[in-house]
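Visitor: Here's my sequence, what's the structure:
(one chain, ligands or ions: 1)
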Amino acid sequence: MRLDVVTIFPEYLEPLNVSLVGKARVNGLLDVRVHDLRQWTHDRHNTVDDSPYGGGPGMVMKPDPWGEALDAVRADGDPGIAPVLVVPTPSGRPFTQELAVELSGRPWLVFAPARYEGIDRRVIDAYAEQWEVHEVSIGDYVLAGGEAAVLVITEAVARLLPGVLGNAESHRDDSFAPGAMADLLEGPVYTKPPVWRDRDIPEVLVSGHHGRIARWRRDQAFRRTDAHRPDLIERCDPAALDKYDRAL
Ligand SMILES: COc1ccc2nc(C(=O)O)sc2c1
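Guide: Numbers count the residues shown, from 1 in each chain. Just a heads-up that it's a prediction; the model follows:
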């Protein structure tokens, strides 16, 4: 997968050089290219923003630099491969694991994280005529720009690419029957030492009884999900849950 990011803060994307994404780049599984939007400005101040038509607070990102940037990125790619434009924006649809899976199947993602009050709408409208475009939000909170969302989306997508996760890690994701518990939150986890500041670990976890352990973990996942995300329990497939229970 090729992944381009056009941004006024290239240094914000430094985390894409470390950990899971960094390793995927070193292993040739991910080709990440970060571009400074200001290289497509032509004035002495490298201006990327201007005041909004219709008035109002803040500034809007000018269309010209973005158009030149996206055209240049496109021209630098394989003519036979269509890029997907991903625009992190507070007004986007929620970014979900389902969308991460969908995006992980695309050969080329181009991210356009906004700053200020956003990007001139004509940019997204123009490229939506030629490219697949996804306007997405990573959550209902206020950010100063879309770069943090690019880091989140990139990690969620990269870990789904074949070969990026080691067997142990990818196997962890298969620990619940698909559809049975996949939508539940993870329960509590413990490791050595067995006693820490006078706190023991749950006895069942050292019982050696795998059935009891699995049931305990299932119940803990339900408790945590019920407490923090009851909406997820509604999404569980009862038949898949019954099958999971019978397999315990
Ligand atoms: C000004 O640019 C922004 C501002 C907020 C924001 N919030 C996002 C999100 O994904 O929730 S992307 C994004 C971009």
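Visitor: Pull the distance from stretch 135-154 to the chain's centre.
Guide: Counting by Cα atoms, centre = their mean, to the nearest Å, stretch 135-154 is centred 9 Å from the centre of its parent chain.
Visitor: is it true that residue 10 touches residue 33?
Guide: No: using Cβ atoms under 8 Å, residue 10 is not in contact with residue 33; the gap is 10.4 Å. C-beta: built from backbone N, CA, C; applies to glycine.
Visitor: ok, which residues in this structure are in contact with the ligand?
Guide: By Cβ under 6 Å from any ligand atom, the residues of the chain that approach the ligand are 88-90, 114-116, 118, 137-139, 143, 145-146, 149.
Visitor: ok, now with 8 Å
Guide: Of all the residues in the chain, those in contact range of the ligand (Cβ under 8 Å from any ligand atom) are 88-90, 92, 95, 113-118, 136-146, 148-149, 152.
Visitor: Which members of the residues you listed are positioned in strands?
Guide: Using DSSP state E, the members of these that fall within strands are 88-90, 92, 136-137.
Visitor: Show me the two of the residues you listed that sit farthest apart.
Guide: Farthest-apart pair in these is 90 and 136; separation 10.2 Å (Cβ to Cβ).
Visitor: In contact with residue 73, which residues?
Guide: 4, 6, 33, 35, 83, 110 (Cβ atoms under 8 Å, 6 or more residues apart in numbering).
Visitor: Likewise for residue 228?
Guide: Residue 228 touches residue 185, counting by Cβ under 8 Å, 6+ apart.
Visitor: Quick check on it: phi, psi?
Guide: phi -100, psi -30 (degrees, to the nearest 10).
Visitor: That one and residue 184, how far apart?
Guide: To residue 184, residue 228 is 10 Å away according to Cβ to Cβ, to the nearest Å.
Visitor: Give me the common contacts of these two.
Guide: With Cβ under 8 Å, 6+ apart, residue 228 and residue 184 have no common neighbours.
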